[in-house]
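Trainee: What follows is a predicted structure for the sequence shown.
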Amino acid sequence: MKNARLFKDGLELLSRVEIADTSLERMRGLLGRNFLSPGHGMLLRPAGSIHTWFMRFPIDVCFLDRHGLVVKVVPGMRSWRMAWGGWCAHSVLETCAGSLQGKLSIGDVVEIAGA
């Protein structure tokens, strides 16, 4: 799995973003983990929807279009939930709950460096 960093307006928001871009990596996602460290995240691509079945901790979810535009944000998504980013969603950024609060909103553009 490749690693990258997430930026918005030149400021680093996440220092480590795991890129899940194979079907096996996307299927596994964060399952089996007990936590996700602050400053870390996972980018699932391509992906327009996710589920949190069997997840052990809540996550913040950010749906992005092909250009890094934030099209939907789901804060504090708990276990046993599903979310769809809409027709424009191309990828999904997952972080630990609260880590992007107040930092990302619909209409923001992010850059994944090193992806």
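Mentor: Arrived safely. Numbers count the residues shown, from 1 in each chain.
Trainee: would you list every one of the helices in this protein?
Mentor: 23-28 (DSSP state H).
Trainee: tell me the pLDDT at residue 115?
Mentor: As predicted, residue 115 sits at a pLDDT of 67.
Trainee: And for residue 32?
Mentor: 86.
Trainee: ok, it to residue 70 distance?
Mentor: Residue 32 sits 27 Å away from residue 70, taking Cβ to Cβ, to the nearest Å as the criterion. The way it works is simple: take the backbone N, C-alpha and C, and place the C-beta from them, glycine included.
Trainee: Neighbour count for those two, which is higher?
Mentor: residue 70 (21 against 9; other Cβ atoms under 10 Å).
Trainee: Can you name the residues bridging to the more buried one?
Mentor: Here residue 70 sits in beta bridges with residue 64, going by DSSP bridges.
Trainee: who's in contact with it?
Mentor: 62-64, 104-110 (Cβ atoms under 8 Å, 6 or more residues apart in numbering).
Trainee: among the residues you listed, who's most crowded?
Mentor: residue 62 (28 neighbours).
Trainee: I'd assumed residue 105 was in contact with it.
Mentor: No: when contacts are counted by Cβ atoms under 8 Å, residue 62 is not listed as touching residue 105 (9.3 Å).
Trainee: Pull up the overlap in contacts between these two.
Mentor: In contact with both residue 62 and residue 105: 70, 73, using Cβ under 8 Å, 6+ apart.
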